[in-house]
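Asks: Here's my sequence, what's the structure:
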Amino acid sequence: MKKNLRILLLLLYTLLVNAGIAGENKDYDTGINQKEHEEDISNIPEKKLIFKDFVKKIYPNPVKNDMTIVFNKKYASKKHLVNIKFLNILGNNVKSSCKVVLNGKVTINDINLKEGMYFLKINDKLNFDIAKVLIQKD
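Replies: All right, here's what the predicted structure looks like:
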């Protein structure tokens, strides 16, 4: 229950930031040089992740079947793994995958989810971002 509450609070904060009501220090730097890694990152505790402007763009949105996530240049320069979770509006994880970022982007094929709004929680070893996507079928 605490985990779902934490995710909902993060989602609310993200919506407030996007609306310009809340803000964050986007210039904050961890001072840690992110190394190329090939291990599974799906079990990293949330308190060790840093919320940043990690994702630049998600397209197409609304999504029919396939989508592409484009990362900001600062995070796209090296090949690394990202964990992607699709959360329903209640904050429950409905789909997860681990993908390799190549050329600054990741493509997810055959999403196969019901129509509706979902939140994407995207993280690597040090950073995470939350984005909103709409799934529509023909």
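Asks: check contacts around the closest residue in space to M117 that isn't next to it in sequence.
Replies: In space, and not counting its chain neighbours, M117 is closest to L134: 5.5 Å by CB to CB, 6 or more residues apart in numbering. From N, CA and C alone the C-beta is placed, and that goes for glycine too. Shown in contact with L134 (CB atoms under 8 Å, 6 or more residues apart in numbering): N61, P62, V63, G116, M117, Y118.
Asks: switch the cut-off to 7 Å
Replies: Taking CB atoms under 7 Å, 6 or more residues apart in numbering, we find L134 in contact with N61, P62, V63, M117.
Asks: from these, which single one is nearest N4?
Replies: M117 (16.6 Å; CB to CB).
Asks: could you give me the average pLDDT of the helix or strand harbouring the closest one?
Replies: Secondary structure from DSSP states H and E places M117 in strand 116-123. Mean pLDDT, strand 116-123: 92.
Asks: quick one: the residue nearest to M117 and N127, what's the gap?
Replies: According to CB to CB, to the nearest Å, L134 stands 24 Å off from N127.
Asks: helix or strand right after the worst-scoring helix or strand of the chain on mean pLDDT?
Replies: Using mean pLDDT, DSSP states H and E, the weakest-scoring helix or strand in the chain turns out to be strand 50-51, at a mean of 60. The element immediately downstream of strand 50-51 (helix or strand, assigned by DSSP H and E) is strand 55-59.
Asks: List the strands paired with that following strand, with their directions.
Replies: strand 67-71 (antiparallel) (DSSP bridges).
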